[in-house]
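> Sequence and predicted structure, then a few things I'm wondering about:
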Amino acid sequence: MSLETKNLTKIYGIQTAAKEVTISIQPGEIVGFLGPNGAGKSTTMKMITGFVTPTSGSVKVDGIDMLVNPLEAKKRIGYLPEHNPLYLDMYVKEFLDFTARLHGLNNLKERVNEVIRITGLKLECHKRLLDLSKGYRQRVGIAQAIIHNPSVLILDEPTSGLDPNQLKEIRQLIKEIGQDKTVLFSSHILQEVQALCDRIIIIKEGTIIADCSIGEVDALVDGNRALELELEKPIQMDDLRSIVPAIDHIELVGNVYTISFKKETDIRRALFNYVKEKDNAIMGMNLRDTSIESVFASLTSESL
């Protein structure tokens, strides 16, 4: 097992940030770590990497206990925090050389050139970090995380704030790196998780509430389907539920309702009749199978 946590718990005063978090990740797996803001994702990642000492529980990296032998365990981890810490006055190659020396690497020049190639930094390697775009700074962050060739890679929101092109590039980079490493990464971009991951883990209020493969996502909400409904005017949720009992969950963003309902039913006619009776108008309707977005909303949000 590359990464294993058991009953990992962190308590700050009267607040429990993580409660008995147990995770096992095999070599070569890419696992998405999901949860609403404040759910305990970053705290859990900081405990895994040794930045935060757990109140109780254990972390093992390649079988090495983080609390018993922290230096050996940390050697096997690469970490990119949510707020990428870089020395902006340094040049790319200078910064990676500095990082390699901190890890005590002997083949400095060869390894720095190798991670520059892997992360696509060749054309930028003689620039100051201050002069790089956010996308390239994220590449540098990933480069420093893998420079010592760790077996486990922990990435906290690695694509946050990137434009669509940068996001696509970083996503492909993570996928390539994940071919021979264990990767645990958090993200709020759920389509990205669906495209990249073998598994997802969902945490809410410090507790793991789901851990399954991408192929098992449907089972988390009993095989529901999702319907996106755009209306001219708002509607009353309670009224709609009484008329269409098959509805499981409703999420509202703007004037678009994402409605999760039992897969064996079709609620479109009932919805159409209800909207018509209320002198409203359907501006758009899109029926789709269960996605990670609807699963995430169903498991972590309060229903409207």
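Cool, the structure landed.
> alpha carbons only for contacts and neighbour counts from here, please
Noted.
> Just give me the residue right at the centre of the chain.
Against the mean C-alpha coordinate of the chain, by CA atoms, centre = their mean, the closest residue is residue 186 at 2.4 Å.
> my guess is it meets residue 157, correct?
Yes. Counting by CA atoms under 8 Å, residue 186 touches residue 157, with 5.2 Å between them.
> State the distance from the residue nearest to the centre of the chain to residue 160.
10 Å (CA to CA, to the nearest Å).
> Any stretches of the stretch 201-304 of the chain with poor pLDDT?
218-224, 288-294, 297-298, 301-304 (pLDDT under 70).
> where do the helices sit along the stretch 51-200 of the chain?
70-75, 92-102, 108-118, 134-146, 164-177, 190-196 (DSSP state H, counting those that start in this stretch).
> Packing partners of the longest one?
With contacts taken as 3 or more CA pairs under 8 Å, 6 or more residues apart in numbering; DSSP states H and E, helix 164-177 sits against helix 134-146, helix 190-196.
> so is the closest residue to residue 53 other than its chain neighbours in a helix, a strand, or just coil?
Excluding the flanking residues, the one nearest residue 53 by CA to CA, 6 or more residues apart in numbering is residue 47, at 5.9 Å. Secondary structure state of residue 47, per DSSP: H, G, I helix; E, B strand; the rest coil, is helix.
> you'd agree residue 47 is up against residue 56?
No. Using CA under 8 Å as the test, residue 47 is too far from residue 56 to be in contact (10.5 Å).
> Neighbour count for these two, which is higher?
The neighbour count for residue 47 versus residue 56, taken as other CA atoms under 10 Å, is higher for residue 47 (22 against 13).
> In contact with that one, which residues?
When contacts are counted by CA atoms under 8 Å, 6 or more residues apart in numbering, residue 47 touches 53, 54, 59.
> Backbone dihedrals for the first one, please?
Meaning residue 53. When read as degrees, to the nearest 10, the backbone of residue 53 gives phi -80, psi 130.
> Against residue 184, how distant is it?
19 Å.
> Report the residue ranges of every domain in this structure.
Per the record, the chain has its domains at 3-218, 223-300, by automatic domain parsing.
> Quick one: distance of the longest one to the chain centre.
Spelled out, it's domain 3-218. Averaging C-alpha positions (CA atoms, centre = their mean, to the nearest Å) puts domain 3-218 10 Å from its chain's average.
> Equivalent analysis for the last one, please.
With CA atoms, centre = their mean as the basis, domain 223-300 stands 26 Å off its chain's centre.
> Would you confirm that residue 234 contacts residue 255?
Yes. Checked against CA under 8 Å, the pair residue 234 and residue 255 is within contact range at 6.9 Å.
> Please report the number of neighbouring residues for residue 170.
Neighbour tally, residue 170, other CA under 10 Å: 21.
> Does it touch residue 159 like I think?
Yes. Counting by CA under 8 Å, residue 159 is a contact partner of residue 170 at 6.9 Å.
> who touches both of the two?
Listed contacts common to residue 170 and residue 159 are residue 138; contacts here mean CA under 8 Å, 6+ apart.
> All the strands of this structure, residue numbers only.
Along the chain, the segments classed as strands by DSSP state E run 3-12, 15-25, 30-34, 56-61, 64-65, 77-80, 152-156, 182-186, 199-204, 207-213, 225-231, 247-253, 256-261, 282-289.
> what would those look like in TSV with distance to residue 86?
Listed next are the strands of the chain as TSV, based on distance: least, CA to CA, whole Å:
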stretch	distance to residue 86
strand 3-12	26
strand 15-25	27
strand 30-34	24
strand 56-61	25
strand 64-65	29
strand 77-80	11
strand 152-156	15
strand 182-186	19
strand 199-204	29
strand 207-213	32
strand 225-231	41
strand 247-253	36
strand 256-261	40
strand 282-289	42
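> Those strands: which one's closest to residue 124?
Taking CA to CA, strand 77-80 is the member of the strands of the chain nearest to residue 124, at 19.7 Å.
> So for the closest one, mean pLDDT?
Across strand 77-80, pLDDT averages out at 94.
> Over to stretch 157-165?
pLDDT averaged over stretch 157-165 gives 81.
> For it, buried residues please.
By 16 or more other CA atoms under 10 Å, the buried positions in stretch 157-165 come out as 157, 158, 159, 160, 162.
> Quick one: residues contacting the first one.
Just to be clear, that refers to residue 157. By CA under 8 Å, 6+ apart, the contact set of residue 157 is 81, 82, 185, 186, 187, 188.
> Dump those into JSON lines; add distance to residue 251 as well.
Below are the contacts of residue 157 laid out as JSON lines (distance: CA to CA, whole Å):
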{"residue": "81", "distance to residue 251": "30"}
{"residue": "82", "distance to residue 251": "27"}
{"residue": "185", "distance to residue 251": "25"}
{"residue": "186", "distance to residue 251": "22"}
{"residue": "187", "distance to residue 251": "20"}
{"residue": "188", "distance to residue 251": "16"}
